[in-house]
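Enquirer: Here is the input, now give the coordinates:
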Amino acid sequence: MNRRLGQALAAAGMLVLAGCATITKGTTQAVAINTPGAPGATCTLSSGGIGQKVVTTPTTVVLDKSQENISVLCKKPCFQDAAGIIASHTEAMAAGNVIVGGPIGLGVDAVSGAMNRYNADNQFAMVPIPGCRA
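Expert: Predicted coordinates for the structure are as follows:
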């Protein structure tokens, strides 16, 4: 009986430690969105992972991590629209997880999004339209 209990506890411990990035980096991230020279712009963030979020610049928004890039479209009267991408990158520690956590740890981090990260500071340039008065 003690041997089975010990094996069960060891297996449970391995599963808990398997998702290293999930534990150390988390599954969400704060991301700053700014439109230099055009504060108050309305930006729509969209991807399959986060759906659609509308924010007003400058702001910091907490996003669920995903392997999907986030499309951004910013609008403000008397400015040309700004469009861009917030790219998703793989955390460096994901490679180490193959050694320490094995396929289970890598799987946990992949499903949770923890093995990904976004650029923390994102600037979207908006060009004023000459002669426009809002």
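Enquirer: For the protein, which residues score under the pLDDT cut-off?
Expert: 1-25, 91-115 (pLDDT under 70).
Enquirer: Let me know the distance separating residue 34 from residue 67.
Expert: 24 Å (CB to CB, to the nearest Å). Quick note: C-beta positions are derived from backbone N, CA and C, even for glycine.
Enquirer: ditto for residue 87
Expert: Note on residue 87: its distance to residue 67, by CB to CB, is 11 Å.
Enquirer: Next: residue 48.
Expert: 10 Å.
Enquirer: more crowded one of those two?
Expert: Neighbour totals were compared for residue 48 and residue 67, and residue 67 leads with 14 against 10 (other CB atoms under 10 Å).
Enquirer: List the residues that contact residue 37.
Expert: By CB atoms under 8 Å, 6 or more residues apart in numbering, the residues touching residue 37 are 125-126, 128.
Enquirer: which one of those sits closest to residue 73?
Expert: residue 126 (11.1 Å; CB to CB).
Enquirer: if I read this right, the closest one contacts residue 83, doesn't it?
Expert: No - counting by CB atoms under 8 Å, residue 126 does not reach residue 83; the two are 10.3 Å apart.
Enquirer: list residues touching both of the two?
Expert: With CB under 8 Å, 6+ apart as the test, residue 126 and residue 83 both reach residue 74.
Enquirer: Please say which of those two ends up with more neighbours.
Expert: Taking other CB under 10 Å, residue 126 and residue 83 do not tie; residue 126 has more neighbours (21 against 13).
Enquirer: State whether that one is indeed within a helix.
Expert: No - the assignment for residue 126, made by DSSP: H, G, I helix; E, B strand; the rest coil, is coil rather than a helix.
Enquirer: Quick check: the gap between it and residue 41.
Expert: Counting by CB to CB - residue 126 and residue 41 are separated by 6 Å.
Enquirer: what is in contact with those two at once?
Expert: Common neighbours of residue 126 and residue 41 (CB under 8 Å, 6+ apart) are 35, 74, 76, 79, 82.
Enquirer: Nothing else from me, thank you.
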